[in-house]
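K.L.:
Sequence unavailable; structure follows:
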């Protein structure tokens with residue numbers, strides 16, 4: 001080290017040697033403190049094992065929501081040391097467009113949104129999911145999984161939801177054959193529910209459930225290989241519970257959907 005050489009070979013004091021070499025004297029006495037990151041590592045590994053497609057933002061939000069004592073810097077350092085930081089996609093630049101934002105429901109059960117998704121088992125067998133959310137707090141109400149979901153099955157799923165939560169004022173859906181079926185229109189009329197069909201080719205008019213679909217696909221359908229429909233149903237039920245009760249939602253002030261509903265409507269029970 002330069003300072004030690006000046007002291008030993010040239011007889012300079014430590015102060016003058018530090019001044020001559022431009023090194024602060026405190027640097028000579030610095031000793032690295034061993035860090036104990038075992039608690040942080042255990043938390044991150046446990047969270048990522050349950051939510052392998054979560055990024056650092058959701059990890060940090062979950063740590064804050066659970067009252068963990070570590071700050072953002074510590075979490076990010078350990079997160080990078082574990083090589084969990086996922087590559088970020090570049091943002092696609094689009095020309096300016098006229099936007100008509102959706103009006104969020106003002107209370108639970110005011111409006112629901114529905115949509116279908118499709119995927120396949122490891123064997124290649126195709127299956128579909130019927131997803132229903134509450135537009136007020138983006139709470140996932142139901143995900144029906146089967147190889148075929150005709151209008152009669154959709155009506156049955158919606159009817160079971162109505163028995164538990166009561167009938168919503170409206171349901172937002174697209175123009176799929178199951179949604180424009182005469183039987184569904186009759187059922188909705190009998191329950192006093194308005195069916196709000198979006199314009200053909202305008203999925204952004206049903207943006208709440210489309211965003212829910214993306215999260216479900218990223219964290220469940222694209223994340224696991226399924227051998228049977230029962231595996232899909234079991235994993236979906238487990239994920240839906242965590243999504244509603246534990247996963248912080250950015251649009252809700254970074255708290256889970258059920259906690260948001262209870263916070264604003266503490267006397268409302270489903």
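P.N.:
Thanks, I have the structure now. Note that the structure is a prediction, hence the values are computed from the model and not measured. Numbers count the residues shown, from 1 in each chain.
K.L.:
Domain map for this structure?
P.N.:
As given by the TED database, the domain ranges for the chain are 1-32, 37-82, 111-264.
K.L.:
neighbours around residue 138, how many?
P.N.:
22 (other Cβ atoms under 10 Å). Heads up, the C-betas are built off the backbone N, CA and C, glycines and all.
K.L.:
ditto for residue 227
P.N.:
Other residues within reach of residue 227 by the criterion other Cβ under 10 Å amount to 11.
K.L.:
which one of the domains of the chain is the most hemmed in?
P.N.:
Of those, the one with the most neighbours on average (mean count of other Cβ atoms under 10 Å) is domain 111-264, at a mean of 17.
K.L.:
tell me the secondary structure for residue 36?
P.N.:
coil (DSSP: H, G, I helix; E, B strand; the rest coil).
K.L.:
how about residue 143, phi and psi?
P.N.:
Dihedral pair for residue 143: phi -130, psi 110, per degrees, to the nearest 10.
K.L.:
typed the wrong thing, it's residue 168
P.N.:
Torsion angles, degrees, to the nearest 10, at residue 168: phi -80, psi 170.
K.L.:
From residue 141, how far out is it?
P.N.:
Using Cβ to Cβ, to the nearest Å, one gets 10 Å for the distance from residue 168 to residue 141.
K.L.:
which residues are common contacts for those two?
P.N.:
Common contacts of residue 168 and residue 141 (Cβ atoms under 8 Å, 6 or more residues apart in numbering): 112, 134.
K.L.:
before we move on, the earlier item: dump the domains of the chain to CSV, plus mean pLDDT.
P.N.:
Shown next, in CSV, are the domains of the chain (pLDDT from 0 to 100):
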stretch, mean pLDDT
domain 1-32, 73
domain 37-82, 94
domain 111-264, 95
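K.L.:
now those in JSON lines, with distance to residue 104?
P.N.:
Formatted as JSON lines, these follow (distance: least, Cβ to Cβ, whole Å):
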{"stretch": "domain 1-32", "distance to residue 104": "51"}
{"stretch": "domain 37-82", "distance to residue 104": "20"}
{"stretch": "domain 111-264", "distance to residue 104": "6"}
